[in-house]
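> no sequence for this one, just the structure:
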């Protein structure tokens, strides 16, 4: 059976730099009826585990370590018996939410994660966070971008650990060269495509978005 993508939307708080915001997060489950990978364990471990529905989980992948993307990761790992994977450049952010509980493994640029006959290739895309990654799935024609690229522009860079020129470079060098029909599965909000976003890079730079 070929791999498919399922979305679970969970709600909670994003907190950083003394602020707190209500957010809805996209949690992505990629796989088939036997095994899956979970991308971003946000807010509600029980709801995510229910959506997994007893399938084997090969990994819980964190696109970055802002608390709204990782706050349910340890609880989900306990429920599912799966390792939590994070890029080491985001360990400082992770420790703000989970001090004393390290991730189980490290993501690295070019690492290939395999599930249900599909490869998810890790692209290190810093800017929104130092260890932000995207996961490109050529077999399903998708890229999971976390908070690096959204419909209408790049992720926010106005808080600690972020940098606007860096995220622009990451998007331009690592994402916009993907096939234009590639579907962008974002960390919040609606899908888009690489082809829809690529023409607007110069506009983002001009407005310092």
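Right, received. Where do you want to start? Keep in mind that this is a model prediction, so the values were computed, not measured.

> residue boundaries of the strands in this protein?
Taking DSSP state E as the test, the strands found in the chain are 4-16, 19-31, 35-39, 56-61, 84-86, 105-106, 112-115, 118-124, 133-137, 142-146, 149-150, 153-154, 183-186, 192-193.

> okay, those strands, which one's buried deepest?
Of all the strands of the chain, strand 142-146 has the most neighbours on average by mean count of other C-beta atoms under 10 Å, namely a mean of 27. Where you see a C-beta, it was placed from the backbone N, CA and C, and this is true even at glycine.

> Adjacent strands (with direction) for that one?
Sheet partners assigned to strand 142-146 using DSSP bridges are listed as strand 133-137 (antiparallel), strand 183-186 (parallel).

> TSV please, covering those strands and showing distance to residue 15 and mean pLDDT.
Shown next, in TSV, are the strands paired with strand 142-146 (distance: least, C-beta to C-beta, whole Å; pLDDT from 0 to 100):
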stretch	distance to residue 15	mean pLDDT
strand 133-137	22	98
strand 183-186	20	98
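
> I'd like to know which of those is closest to residue 14.
Nearest to residue 14, of all the strands paired with strand 142-146, is strand 183-186, at 14.7 Å by C-beta to C-beta.

> Touching the closest one from outside, list them.
5, 7, 26, 28, 141-147, 149-151, 191-194, 197 (C-beta atoms under 8 Å, 6 or more residues apart in numbering).

> please redo it, this time with the cut-off set to 6 Å
Applying C-beta atoms under 6 Å, 6 or more residues apart in numbering, the contact partners of strand 183-186 are 28, 142-145, 149-150, 191-193.

> For the nearest residue to residue 128 once chain neighbours are set aside, report the pLDDT, please.
Distances taken as C-beta to C-beta, 6 or more residues apart in numbering place residue 155 nearest to residue 128, at 3.9 Å, with adjacent residues excluded. Residue 155 is assigned a pLDDT of 97 by the prediction.

> isn't residue 155 right up against residue 149?
No - using C-beta atoms under 6 Å, residue 155 is not in contact with residue 149, being 7.0 Å away.

> Redo the strands paired with strand 142-146 as a markdown table? Include distance to residue 167.
As requested, the strands paired with strand 142-146 are arranged in a markdown table below (distance: least, C-beta to C-beta, whole Å):
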| stretch | distance to residue 167 |
| --- | --- |
| strand 133-137 | 11 |
| strand 183-186 | 14 |
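
> Of all the ones you listed, which one comes closest to residue 93?
Across the strands paired with strand 142-146, closest to residue 93 is strand 133-137 (C-beta to C-beta), at 12.9 Å.

> now the angle from that closest one to strand 35-39?
150 degrees (axes from the mean of the first three to the mean of the last three C-alpha atoms, to 10 degrees).

> So residue 155 versus residue 116, what's the distance?
Distance, residue 155 to residue 116, using C-beta to C-beta, to the nearest Å: 28 Å.

> The two: which is more packed in?
Taking neighbours as other C-beta atoms under 10 Å, residue 155 and residue 116 compare with residue 155 leading, 25 against 20.

> so what's the more buried one up against?
For residue 155, the contacting residues are 128, 147-148, by C-beta under 6 Å, 6+ apart.

> if you set the cut-off to 8 Å instead, what comes out?
If a contact means C-beta under 8 Å, 6+ apart, then residue 155 has 127-128, 132, 146-149, 167, 187 as its contacts.
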